[in-house]
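Undergrad: The sequence and its predicted three-dimensional model are supplied below.
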Amino acid sequence: MDDGSDVLDSVVVGAGQAGLSASYHLRRRGLEHVVLDADAGPGGAWQHRWDSLTMADVHGVAALPDSDPPGRPDGRANTVVPAYFAAYERTHDLPVVRPVQVDRVEDAGTDDLLVVRAGDRSWTTRTLVNATGTWTRPFVPHYPGAETFGGTQLHTVDHPGAEWFRGRRTVVVGGGASAVQLLGEIAPVTDTLWVTRRAPVWRTDDFTPEAGRAAVALVEDRVRRGLPPASVVSVTGLALREQERAAEALGAYVRRPMFASLEPDGVRWADGTFEPVDVVLWATGFRPAVGHLAPLHLRSPHGGIRLDGTTAVADPRVQLVGYGPSASTIGANRAGRVAARGVATWHDGRHGGADRASLTA
């Protein structure tokens with residue numbers, strides 16, 4: 001259903017956890033839709049994760065609706081989760097089309113419709129569920145002298161495995177869970193430094209369900225106000241796992257403040273002292289992959305997309321899932337259900353069909 005010949009009830013962009021959950025609930029409601037996925041195969045961002053990331057490292061993956069969670073707790077996440085997603089797509093006959101790289105989403109100019117464009121293909125739809133996540137937009141901050149550094153600069157997405165770092169003195173930049181995990185892998189095989197802009201906050205108490213809900217609520221509040229979403233870990237704090245204790249014993253988690261500049265052979269600290277390094281590993285996170293939504297002018301003056309639940313306040317035809325508080329696998333499932341309800345509400349408000357709106361997901 002491309003080239004604008006049919007009008008869909010919705011188009012889902014992205015086939016990760018949030019996109020598949022949304023598709024499942026749209027199908028249950030009888031809403032005609034397609035899921036456009038930029039990847040050649042199932043798995044979303046999980047298929048691109050580094051080989052050393054196991055299911056134990058990610059504390060498992062929440063089950064998609066009407067399914068059991070993926071097994072093999074010691075298996076590689078980049079094979080276990082894609083296999084799980086592929087089986088889920090087949091079992092529920094989800095209408096995934098791939099590979100499709102969406103370039104832009106724009107107003108059709110008539111009948112409250114949207115047009116989703118991907119190269120010379122297009123889909124006309126009443127609503128959009130955006131589930132593109134963040135993996136395709138790694139963030140690397142600019143520091144003076146970065147272009148002169150003669151060593152290797154990597155981002156988390158490029159992680160080649162711990163053995164590659166052997167004999168290469170490495171500075172890991174970032175104060176999140178990825179930095180902690182990567183230091184846990186790298187420090188036992190090479191000399192490391194850890195730098196962050198702000199001192200890390202370590203969590204020493206048990207992380208209860210109540211604490212988790214409170215943390216998500218803080219992220220939700222930012223999104224509700226139209227601020228750029230923060231990561232949940234930024235409000236939960238950091239904790240070491242058993243597999244990171246060896247790195248801790250080596251002093252890997254003694255944090256230093258951010259260096260002032262990069263030089264050809266290392267980093268220069270604010271006090272003028274120099275530290276030789278071979279590798280800079282930027283564990284500096286990601287930004288939401290929402291550039292294709294720019295024609296819809298969804299951003300608030302604060303730089304984020306203001307949401308009411310999953311509905312874009314600036315354009316209620318658009319649902320955002322896997323954004324802000326729904327970036328976790330559990331949050332993505334809930335957001336998929338809420339987004340399908342939002343699609344049904346919009347559709348029924350414009351075109352009738354109360355029977356479908358009354359279905360529960």
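TA: Noted; the coordinates are in hand.

Undergrad: how about the helices of this structure, start to end?
TA: Along the chain, the stretches classed as helices by DSSP state H are 17-28, 77-91, 177-186, 209-224, 233-236, 245-249, 329-351, 354-357.

Undergrad: Pull the CA coordinates from the third one and hand them back as CSV.
TA: Listed next in CSV are the C-alpha coordinates belonging to helix 177-186 (Å, rounded to 0.1, in the frame of the first residue of the first chain):
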residue,chain,number,x,y,z
ALA,A,177,25.3,2.6,32.6
SER,A,178,27.1,2.0,29.3
ALA,A,179,30.3,3.6,30.5
VAL,A,180,30.2,1.5,33.7
GLN,A,181,29.6,-1.7,31.7
LEU,A,182,32.3,-1.0,29.1
LEU,A,183,34.8,-0.2,31.8
GLY,A,184,33.9,-3.5,33.4
GLU,A,185,34.9,-5.3,30.2
ILE,A,186,37.9,-3.2,29.2
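
Undergrad: Show me what it is packed against.
TA: strand 170-173, strand 192-196, helix 245-249 (3 or more C-beta pairs under 8 Å, 6 or more residues apart in numbering; DSSP states H and E). No exception for glycine: its C-beta is placed from N, CA and C like everyone else's.

Undergrad: That helix to strand 192-196, inter-axis angle?
TA: Interaxial angle, helix 177-186 versus strand 192-196 (axes from the mean of the first three to the mean of the last three C-alpha atoms, to 10 degrees): 170 degrees.

Undergrad: follow-up on the earlier one: which one, of the helices and strands packed on helix 177-186, ends up nearest to Thr148?
TA: Evaluated over the helices and strands packed on helix 177-186, closeness to Thr148 peaks at strand 170-173, with 15.3 Å, by C-beta to C-beta.

Undergrad: still on that earlier bit, now, of the helices and strands packed on helix 177-186, which is deepest in the fold?
TA: strand 170-173 (a mean of 24; mean count of other C-beta atoms under 10 Å).

Undergrad: List of residues touching it?
TA: Contacting residues not belonging to strand 170-173 are listed as 179, 182-183, 186, 190-196, 258-259, 267, 275, 277-284 [C-beta atoms under 8 Å, 6 or more residues apart in numbering].

Undergrad: what do you get if the cut-off is 6 Å, keeping everything else the same?
TA: 179, 182-183, 186, 190, 192-195, 277, 279-284 (C-beta atoms under 6 Å, 6 or more residues apart in numbering).

Undergrad: Same question for stretch 94-101.
TA: For stretch 94-101, contacts defined as C-beta under 6 Å, 6+ apart pick out 15, 23, 34-38, 40, 89, 118.

Undergrad: First-to-last residue distance for that stretch?
TA: Stretch 94-101 has its terminal residues 18 Å apart, counting by C-alpha to C-alpha, to the nearest Å.

Undergrad: roughly how far is it from the heart of the chain?
TA: 19 Å (C-alpha atoms, centre = their mean, to the nearest Å).

Undergrad: buried stuff in that stretch?
TA: 94-97, 100 (16 or more other C-beta atoms under 10 Å).

Undergrad: Dump those into JSON lines; add pLDDT and distance to Arg169 as well.
TA: JSON lines is the format used below for the buried residues of stretch 94-101 (pLDDT from 0 to 100; distance: C-beta to C-beta, whole Å):
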{"residue": "Leu94", "pLDDT": "98", "distance to Arg169": "47"}
{"residue": "Pro95", "pLDDT": "98", "distance to Arg169": "50"}
{"residue": "Val96", "pLDDT": "98", "distance to Arg169": "44"}
{"residue": "Val97", "pLDDT": "98", "distance to Arg169": "46"}
{"residue": "Val100", "pLDDT": "98", "distance to Arg169": "43"}
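
Undergrad: worst average pLDDT in the helices of the chain?
TA: Across the helices of the chain, helix 354-357 has the smallest mean pLDDT, namely a mean of 40.

Undergrad: For the stretch 101-250 of the chain, which residues score under the pLDDT cut-off?
TA: Scanning the stretch 101-250 of the chain for pLDDT under 70 picks out the ranges 204-237.

Undergrad: need the contact list for the closest residue in space to Val254 that isn't next to it in sequence.
TA: Excluding its sequence neighbours, the residue lying closest to Val254 (C-beta to C-beta, 6 or more residues apart in numbering) is Trp194, at 7.0 Å. Trp194 makes contacts with 172, 183, 255, as judged by C-beta under 6 Å, 6+ apart.

Undergrad: rewinding a little: Leu154: which of the helices and strands packed on helix 177-186 is closest?
TA: Taking the helices and strands packed on helix 177-186 one by one with C-beta to C-beta, strand 170-173 is closest: 9.0 Å.

Undergrad: Compute the number of surrounding residues for the nearest residue to Tyr24 once chain neighbours are set aside.
TA: Among residues not flanking Tyr24 along the chain, Pro65 sits closest, at 4.9 Å (C-beta to C-beta, 6+ apart). By other C-beta atoms under 10 Å, 19 other residues sit near Pro65.

Undergrad: and if you look at Val105?
TA: Val105: 25 neighbours (other C-beta under 10 Å).

Undergrad: Does it touch Val116 like I think?
TA: Yes: the criterion here is C-beta atoms under 6 Å, and Val105 meets it with Val116 at 5.2 Å.

Undergrad: Per the annotation, how does the chain divide into domains?
TA: Domains of the chain are assigned by automatic domain parsing as 7-136+287-357, 146-202+238-282.

Undergrad: most packed of those domains?
TA: domain 7-136+287-357 (a mean of 20).

Undergrad: Tell me the gap between that one and the middle of its chain.
TA: With C-alpha atoms, centre = their mean, you get 12 Å for domain 7-136+287-357.
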